[in-house]
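**Q** curious how this folds, go ahead:
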Amino acid sequence: MKRVALLCPDLLLGSKLEEAMRAAGHDVTRYDGEDMARAAVAEGDVLVVDLDAEQFDGAVLVESMRMGRELDGVATIGFYSHTDQETRRRAEQAGFDLVVPRSRIAREAGDLVERVAAR
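**A** This next block holds a predicted model:
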């Protein structure tokens, strides 16, 4: 079981991901904003970020947290719209451990958390 902070303001998708990760045995807490997620990361194993959210810039958030050493020991997954390759590129440059399309996180959320946490 991994402790997951899910930063996803989209209620429908966030609930679906939360349910899938819980079904895989993970302890998941969903956050709408970066301040709460940033505070919760210290207690977690994995941070999952919606890179398409308008409320925050997920790539900038993770990059700043990495620079501040807030993500030491925490794996990161970012997900994006498959048509937005610029967002994928920015997330990879920001240091996400894994960046996947929304369709893949929706299908494989529990397995992806386990995989990235095992690195």
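**Q** tell me the bridge partners for the residue nearest to the spatial centre of the chain.
**A** Note on the chain: the residue nearest the mean C-alpha position is residue 48, at 1.2 Å, using C-alpha atoms, centre = their mean. Beta bridges link residue 48 to residue 6, residue 77 when assigned by DSSP bridges.
**Q** need the contact list for the residue of the chain most remote from its centre.
**A** The outermost residue of the chain, judged against the average C-alpha position, is residue 83 (18.6 Å), by C-alpha atoms, centre = their mean. Residues near residue 83 by C-beta atoms under 8 Å, 6 or more residues apart in numbering: none. Every C-beta, even on glycine, is put in place using the N, C-alpha and C of the backbone.
**Q** gap between it and residue 102?
**A** Separation of residue 83 from residue 102 (C-beta to C-beta, to the nearest Å) stands at 10 Å.
**Q** can you pull the buried residues of the helix-or-strand element of the chain with minimal mean pLDDT?
**A** The helix or strand of the chain with the poorest confidence is helix 34-40; it has a mean of 86 (mean pLDDT, DSSP states H and E). Neighbour counts over helix 34-40 (16 or more other C-beta atoms under 10 Å) mark 34, 37-38, 40 as buried.
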